[in-house]
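1. dropping the sequence and predicted coords here.
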Amino acid sequence: MTDFIYLYFFLVSFAIIFALMPFGLRIVRKLNFIDRPNSRKVHSSDIPTGGGIIIFFGIFLSLLAFILYFPEYLKLSFAYFCGLLIMFVMGLMDDKNDLQPKVKLLAQLVSAIVFIALSGEFFSFDFMGNKITGILLTIFFIISVINAYNLIDGLDGLASGLGIITISSLLLILDSDFKIIFFSIIGILFAFLRRNSYPAKIFLGDTGSYMLGYSISVLGVLIVGESGALNYILITIVFLGIPIVDTTYAFIRRMLKGESVFKADKKHIHH
C-alpha cells in the first residue's frame, strides 16, 4: 500500500504541474518575472524566471494531500512549510529586486531556525557535548545547501536535474513516510524539467533554487537525525557532491582574489 502511495503522489504531482505549466507560464509573464541577459548570463534573450511560483504551488498541494493521509506528520509538515514559505517570499523579492546578500543570508538563517524550532529535527551525534553544537551545525548545513543550489542554477535544467538525482539518491536511505513529499517534489521537477531543459522556456529563478536547496537540506537533516550516525552525514554530502564542490570552489576562488564571496561571476564549474 505504501509503495502505491509513493507512486500515486509522484504521478499526481507530475500530472498537475504538467497540465498547469502553460497557464503558469502566462501568469509568470504577466507578473513580469523575467531574466534578462547580461555579461554574466548564458542565455541571449528574455526568459521567464518565475518557475519557483509553479513549484511552490505543487508542493503546497502535495502537503495538503499528505496531511490528510498522514495527520501524525502535521508538526513536521508545518515546520517544513514555514521554512519553505520564507524561502519562497525571499526568492520572489530577490527575483524582482536583487536583494542584498546580507538580507538573503538573514532570511535563510530565519528559515533554518524556524524549521529546527518547530520540528525539533537537528543533527545529534554522541561526540557532541550539547544540543547547541548540533543545532549550529544543522543551521550551517541548511544554509550551505540552499546557497549551493542557488549557485549551481546556471544552465538550462542543471539545478532541477541535479535535484531529481540527489533527492532520488537520498530517498534510498530515508525510512519515513515523510519521503512521500519528496516523491511529489521529484514528480514536480520532472514536469518542470520539460520546459526547463535546453532550450529553456522558463527558469527556476532564485525562488525555485532557494526552495529546492531548502527542501534537499531538510531531507538531509531528516536522514542524519533519524540515524544519528556520523557516516550518514558523509553519505548525504557525497550525494550533494556537485553543488557542494562548486560552491566551495567559488568561495575559495573569490577569497584568494580578495573579492566578496557573494560576488557573482561566470567561473562556476558548469561555465
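-> Received, thanks. Numbering: from 1, shown residues only.
2. CA atoms for contacts and neighbours, from now on please.
-> Will do.
3. and residue 77, that one's in a helix?
-> Yes - applying DSSP: H, G, I helix; E, B strand; the rest coil, one finds residue 77 inside a helix.
4. for it, give its distance to residue 70.
-> Residue 77 sits 10 Å away from residue 70, going by C-alpha to C-alpha, to the nearest Å.
5. element containing the residue nearest the centre of the chain?
-> By C-alpha atoms, centre = their mean, the chain has its centre lying nearest to residue 212, at 1.5 Å. Residue 212 is located in helix 205-227, with elements delineated by DSSP states H and E.
6. what packs against that helix?
-> Here helix 205-227 touches helix 51-69, helix 74-97, helix 131-152, helix 158-171, helix 230-239, going by 3 or more C-alpha pairs under 8 Å, 6 or more residues apart in numbering; DSSP states H and E.
7. and the shortest one, what does it pack onto?
-> By that I understand helix 230-239. Looks like helix 230-239 contacts helix 158-171, helix 205-227 (3+ C-alpha pairs under 8 Å, 6+ apart).
8. what's the distance between residue 171 and residue 53?
-> From residue 171 across to residue 53, the span is 25 Å (C-alpha to C-alpha).
9. what of residue 122?
-> Note on residue 122: its distance to residue 53, by C-alpha to C-alpha, is 28 Å.
10. who has more neighbours, the two?
-> The neighbour count for residue 122 versus residue 53, taken as other C-alpha atoms under 10 Å, is higher for residue 122 (27 against 21).
11. need the three-state assignment for the more buried one.
-> Going by three-state DSSP: residue 122 is coil.
12. which residues touch it?
-> 116, 134-135, 138, 221-222, 225 (C-alpha atoms under 8 Å, 6 or more residues apart in numbering).
13. which stretches of the stretch 51-200 of the chain have low pLDDT?
-> When residues are selected by pLDDT under 70, those of the stretch 51-200 of the chain lie in 125-129.
14. how about a cut-off of 90?
-> 51-52, 94-101, 123-134, 148, 150-159, 173-176, 194-200 (pLDDT under 90).
15. can you give me the first-to-last residue distance of stretch 232-246?
-> 21 Å.
16. now do the buried residues in that stretch.
-> 232-233, 235-237, 239-240, 242-246 (16 or more other C-alpha atoms under 10 Å).
17. what of stretch 250-259?
-> Quick answer for stretch 250-259 (16+ other C-alpha under 10 Å): 250, 254.
18. from residue 167, how far out is residue 66?
-> From residue 66 to residue 167 the distance is 18 Å (C-alpha to C-alpha).
19. could you do residue 67 as well?
-> 21 Å.
20. ok, now residue 25?
-> Distance from residue 25 to residue 167, counting by C-alpha to C-alpha: 25 Å.
21. neighbour count winner among residue 77 and residue 70?
-> Set residue 77 next to residue 70 and count neighbours by other C-alpha under 10 Å: residue 77 wins out with 21 against 12.
22. contacting residues for residue 161?
-> With C-alpha under 8 Å, 6+ apart, residue 161 has these contacts: 189, 193.
23. any chance of the contacts of residue 122 in JSON lines, plus neighbour count and distance to residue 251?
-> Putting those into JSON lines (neighbours: other C-alpha atoms under 10 Å; distance: C-alpha to C-alpha, whole Å) gives the following:
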{"residue": "116", "neighbour count": "22", "distance to residue 251": "26"}
{"residue": "134", "neighbour count": "18", "distance to residue 251": "24"}
{"residue": "135", "neighbour count": "20", "distance to residue 251": "23"}
{"residue": "138", "neighbour count": "25", "distance to residue 251": "20"}
{"residue": "221", "neighbour count": "24", "distance to residue 251": "23"}
{"residue": "222", "neighbour count": "20", "distance to residue 251": "27"}
{"residue": "225", "neighbour count": "21", "distance to residue 251": "28"}
